[in-house]
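Student: okay, here's the prediction I keep looking at, along with the sequence it came from:
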Amino acid sequence: MPLERKVKYENECDKEFADWVTSQTGGENLRHCIQCGICSAACPLSLYMDYTPRRLINLARAGFKKEVLSSLTIWLCASCYACRVECPKEIQITDIMYLLKRKAIEEGVYPRRFPIPVLAREFGRMVFMFGRVNETLLVTDLFLRTNWFKFLSMTGLGLNLIRTGRMSYLPEHIKNRGQLRKIMNAIDTEAKKGETK
Ligand code: SF4
Ligand code: SF4
């Protein structure tokens, strides 16, 4: 099937978005990209991405916020750092991917029913609540939010794992959850401060 090509105009851009990326730790060199494409060639997953790393960097610095934040690319990135190692301009591509993922979750613009952002958000929520991740709750929540049919087809396996003690359905929690929450809230506050600089 031919790829859909859509002309983009400058007035569709959000210039402040590129400024925001460059104001973040790791995003400082965004505008130094020379579009050589080495990152895309080095990336083991670029074949499956809707925008290769080179294109994503170009869209981000041009201010195509919607395209960037709703792309599959940022969620398919496996954080292998191959692009970062090869980039001749030392652009922190992997860190930029993380920045964009965080922003996409904050703004709720990630691809609907795509498992990776749902998993990332629920993982973070569970750590905040309990200090530990409960696999049963995490997987149940993931399937219910992304793929009901998969949930039904996996129910038998899940029940067997619970019955044989391989998975627990009761969430465990660490001691002093309040301390962990304070740390997580402090990180969140610092990150937000960085965004308003
Ligand atoms: S390798 Fe670096 S300079 Fe080259 S396109 Fe990728 S981000 Fe830009
Ligand atoms: S860090 Fe992400 S974008 Fe970079 S090469 Fe690895 S998978 Fe590709």
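Tutor: Happy to help now that I have it. None of these values were measured; they are calculated from a predicted model. Ligands and ions are numbered 1, 2, ... in the order given.
Student: got the residues of the protein near ligand 1?
Tutor: For the chain, the residues in contact with ligand 1 (Cβ under 6 Å from any ligand atom) are 33-39, 53-54, 57, 87-89, 91, 93. C-beta here means a position set from N, CA and C on the backbone, and glycine is covered the same way.
Student: 5 Å instead, please
Tutor: Counting by Cβ under 5 Å from any ligand atom, the positions of the chain adjacent to ligand 1 are 33, 34, 35, 36, 38, 39, 54, 57, 87, 89, 91.
Student: buried subset of these, written for PyMOL?
Tutor: Isolation of the buried members of those (16 or more other Cβ atoms under 10 Å) is achieved in PyMOL through the command below:
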select buried, resi 33+38+39+54+57+87+91
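Student: how about JSON lines for the residues of the chain next to ligand 1, with pLDDT and secondary structure added?
Tutor: Output for the residues of the chain next to ligand 1, formatted as JSON lines (pLDDT from 0 to 100; DSSP: H, G, I helix; E, B strand; the rest coil):
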{"residue": "33", "pLDDT": "97", "secondary structure": "coil"}
{"residue": "34", "pLDDT": "97", "secondary structure": "coil"}
{"residue": "35", "pLDDT": "97", "secondary structure": "coil"}
{"residue": "36", "pLDDT": "97", "secondary structure": "coil"}
{"residue": "38", "pLDDT": "97", "secondary structure": "helix"}
{"residue": "39", "pLDDT": "97", "secondary structure": "helix"}
{"residue": "54", "pLDDT": "97", "secondary structure": "helix"}
{"residue": "57", "pLDDT": "97", "secondary structure": "helix"}
{"residue": "87", "pLDDT": "97", "secondary structure": "coil"}
{"residue": "89", "pLDDT": "96", "secondary structure": "coil"}
{"residue": "91", "pLDDT": "96", "secondary structure": "coil"}
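Student: and the residues of the chain next to ligand 1 as JSON lines, adding distance to residue 81?
Tutor: Below are the residues of the chain next to ligand 1 laid out as JSON lines (distance: Cβ to Cβ, whole Å):
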{"residue": "33", "distance to residue 81": "17"}
{"residue": "34", "distance to residue 81": "20"}
{"residue": "35", "distance to residue 81": "20"}
{"residue": "36", "distance to residue 81": "17"}
{"residue": "38", "distance to residue 81": "13"}
{"residue": "39", "distance to residue 81": "11"}
{"residue": "54", "distance to residue 81": "16"}
{"residue": "57", "distance to residue 81": "15"}
{"residue": "87", "distance to residue 81": "10"}
{"residue": "89", "distance to residue 81": "15"}
{"residue": "91", "distance to residue 81": "12"}
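Student: where does pLDDT dip in this protein?
Tutor: Of all residues in the chain, those with pLDDT under 70 make up the ranges 1-6, 193-197.
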